[in-house]
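>>> I need the structure of the sequence given here:
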Amino acid sequence: MKWAEDAIEQLSKGEVVQVRPRGCSMSGRIEDGQLVTLEPVALNTLNVCDIVLVRVEGKKREVVVLHQILELDGARLLIGAHNGRIDGWVEAGEIFGRAVRIEA
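Got it, this is the predicted structure:
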């Protein structure tokens, strides 16, 4: 996912970035190909339901996804898709940015 790598690089520099993620796991909140603006984020500003760019454990390897925060537990966050799939718990350091705008 080249778009995710590029976004992580820009976010790590403190830059705001726009991406057009593909897929339907967040359908209802983000539709396939919509323009999403991401900003760098600090842990103490995150809330349940925020959409974040995050690294999670996939079936075969780690992957970066644009999914939502389902629960907060200190520095741990439960991440999942809008379609009901749970990605699992991640540490705050695996969050790269938060969605601040979604448009067509």
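>>> so how far is residue 69 from residue 81?
12 Å (Cβ to Cβ, to the nearest Å). Any C-beta I mention is one placed from the backbone N, CA and C, and that applies to glycine too.
>>> er, residue 53 I mean
Separation of residue 53 from residue 69 (Cβ to Cβ): 12 Å.
>>> what does residue 11 give?
Distance from residue 11 to residue 69, by Cβ to Cβ: 17 Å.
>>> Kindly report the same for residue 80.
8 Å.
>>> mind checking pLDDT for the residue of the chain positioned farthest from its centre?
For the chain, the C-alpha farthest from the mean C-alpha position belongs to residue 60; by Cα atoms, centre = their mean, that distance is 19.2 Å. At residue 60, the pLDDT value in this model is 78.
>>> Check the one 5 residues further on too.
Here the pLDDT value assigned to residue 65 is 94.
>>> Okay, and the beta partners of it?
Per DSSP bridges, the residues bridged to residue 65 are residue 54.
>>> What segments of this protein are helices?
Counting by DSSP state H, the chain has helices at residues 2-12.
>>> That one: strands as residue ranges?
For the chain, applying DSSP state E gives strands covering 17-19, 35-39, 51-57, 62-73, 76-80, 86-91, 95-103.
>>> can you redo the ones you listed as CSV with distance to residue 29?
Formatted as CSV, the strands of the chain follow (distance: least, Cβ to Cβ, whole Å):
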stretch, distance to residue 29
strand 17-19, 15
strand 35-39, 10
strand 51-57, 7
strand 62-73, 7
strand 76-80, 12
strand 86-91, 15
strand 95-103, 7
